[in-house]
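Undergrad: Okay, structure incoming, though there's no sequence with it:
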């Protein structure tokens, strides 16, 4: 079952393995194909930008992947076609959000259980799908946060950091958040962050030693490099550091920034505190998506969650419209200018950047 649909549509395809998104990708015209058994097709309205987009084009998630392949992790839009054998409540005309490879496209086909019904197609809801779910699931299932604990969030004003701050606050924690500008400090205050730290003006390590001498219980870390090391040093007894990425290394050929601390020294720091470093990769927690999406939407309804999104309105090219704007949106993310989740309106195919 489907609506009247085009014979062809456009999507971004990875044609070369590279961490340089522009060099790696190309917009191509592709023929429409009806969804197969158990699948649905979504007409994308908004897609989300993630730091890991260039990890994917660089082949770091699956070194065996061969070009060409689709990219993009998340979208919100309308179901326009339903394949045979679908059994869920997702139907043509349904507003849905999803997290699946191939989102940088005007239309995306995916398994029906990936399409999560949402109340309305709005850009702020897009931020829940990778960013919100990453923060909520990792803090609860991996970080095991408890009321009254101190939680440190790096890149706290970004797409996923903002959720980590608000999730921790909603669960009765004291939250410290790092950011790179006074504007972001004010944003963090507005979402309940107890101690924003602008690391371009304050010495992050010094602040942690002086104001939190006993350390923090949980760290939500996405930067890597020196920030990671300072966070390890800031762990309390039995502290847990969740690493969701290392953005400082994504644009480098090696894909990482070597730590100054040697492996034995790092192990010693963890051992003497009974502390731990725990990795989190969202795609390995797919069965938890529906439960935690409901939890996030409930917090929003209760006024405990106010997701911010950034469509590039203040960027040199913004607002971001059309598939051709996606490389600019990725550059914008790495410029550290965004406040909240970066989104691109892919319905506009006429814009020429």
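TA: Happy to help now that I have it. For clarity, every value in this text was computed on a predicted model and none was experimentally measured. Residues are numbered from 1 along each chain as shown.

Undergrad: neighbours around residue 141, how many?
TA: Under the neighbour criterion other CB atoms under 10 Å, residue 141 is assigned a count of 14. For every residue, glycine as well, the C-beta is placed using N, CA and C.

Undergrad: Confirm for me that it is in contact with residue 284.
TA: No - with contact defined as CB atoms under 8 Å, residue 141 does not count as touching residue 284 (10.6 Å).

Undergrad: Just give the closest residue to residue 297, not the sequence neighbours.
TA: Setting aside the residues directly before and after it, residue 297 is nearest to residue 128 in space (CB to CB, 6 or more residues apart in numbering), at 7.3 Å.

Undergrad: Would you check how far apart the one you found and residue 138 are?
TA: In this view, residue 128 and residue 138 are 14 Å apart by CB to CB, to the nearest Å.

Undergrad: These two: who's more crowded?
TA: When residue 128 is set against residue 138 and neighbours are counted by other CB under 10 Å, the residue ahead is residue 128, at 28 against 25.

Undergrad: for that one, phi and psi?
TA: Torsion angles at residue 128 (phi, psi; degrees, to the nearest 10) stand at phi -70, psi -30.

Undergrad: how near is it to residue 108?
TA: As judged by CB to CB, residue 128 and residue 108 stand 17 Å apart.

Undergrad: again with residue 175
TA: According to CB to CB, residue 175 and residue 108 sit 35 Å apart.

Undergrad: same check, this time on residue 129
TA: In this structure, residue 129 and residue 108 are 12 Å apart, going by CB to CB.

Undergrad: repeat for residue 169
TA: Residue 169 sits 33 Å away from residue 108, going by CB to CB.

Undergrad: Confirm for me that residue 56 is in contact with residue 71.
TA: Yes - taking contacts as CB under 8 Å, residue 56 lies within contact range of residue 71: 5.5 Å.

Undergrad: where do the contact lists of the two overlap?
TA: Common contacts of residue 56 and residue 71, defined by CB atoms under 8 Å, 6 or more residues apart in numbering, comprise 14, 101.

Undergrad: thinking again about what came up before, shared neighbours of residue 129 and residue 108, anything?
TA: Going by CB under 8 Å, 6+ apart, residues that sit against residue 129 and also against residue 108 are 75, 98.

Undergrad: Could you double-check that residue 59 lies in contact with residue 65?
TA: Yes - counting by CB under 8 Å, residue 59 does reach residue 65; the two are 5.4 Å apart.

Undergrad: quick one on the thing from earlier: more neighbours: which of residue 169 and residue 108?
TA: Residue environment comparison for residue 169 versus residue 108 gives the larger neighbour count to residue 108, 26 against 19, counting by other CB under 10 Å.

Undergrad: did I read that right, that one in a strand?
TA: Yes - following the definition DSSP: H, G, I helix; E, B strand; the rest coil, residue 108 is counted among the residues of a strand.

Undergrad: ok, it - contacts?
TA: The contact partners of residue 108, by CB under 8 Å, 6+ apart, come to 41, 42, 44, 75, 77, 98, 100, 102.

Undergrad: any idea of the pLDDT on the third one?
TA: For residue 44, the model assigns a pLDDT of 97.
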